[in-house]
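Trainee: My questions concern the predicted model and sequence given below.
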Amino acid sequence: MNERLKEIVKQARLPACHLSHPVALERFAELVRQDERKACADLVFEMAQLPKYEKLWLPLHHAQSAIRAMGNK
């Protein structure tokens, strides 16, 4: 298990051996999805800061906002 997954297991406040329980597994999966959404939104934000994407700033900003909003449904 890589360090980021270990951190997510820690955030879920569950021993790794309990991840076979359906509720624990769903909580773990949601934390992973949140982490992936954040990473994607952060990447889009970084892209929007690059000069070569200057003309795409607004669409990239909207994409970043949409990615972050996915977790708020």
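Mentor: Right, received. Where do you want to start? Just so it is clear, the model here is predicted, and its values are computed rather than measured.
Trainee: could you pull out the helices for this structure?
Mentor: 3-11, 22-48, 57-69 (DSSP state H).
Trainee: lowest-pLDDT helix or strand in the protein?
Mentor: helix 3-11 (a mean of 73; mean pLDDT, DSSP states H and E).
Trainee: Including mean neighbour count, could the helices of the chain go into CSV?
Mentor: Any C-beta I mention is one placed from the backbone N, CA and C, and that applies to glycine too. CSV is the format used below for the helices of the chain (neighbours: other C-beta atoms under 10 Å):
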stretch, mean neighbour count
helix 3-11, 13
helix 22-48, 14
helix 57-69, 14
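Trainee: lowest-confidence stretch among the ones you listed?
Mentor: Note on these: helix 3-11 shows the lowest mean pLDDT, a mean of 73.
Trainee: and it, what other elements does it pack with?
Mentor: Judged by 3 or more C-beta pairs under 8 Å, 6 or more residues apart in numbering; DSSP states H and E, helix 3-11 is in contact with helix 22-48.
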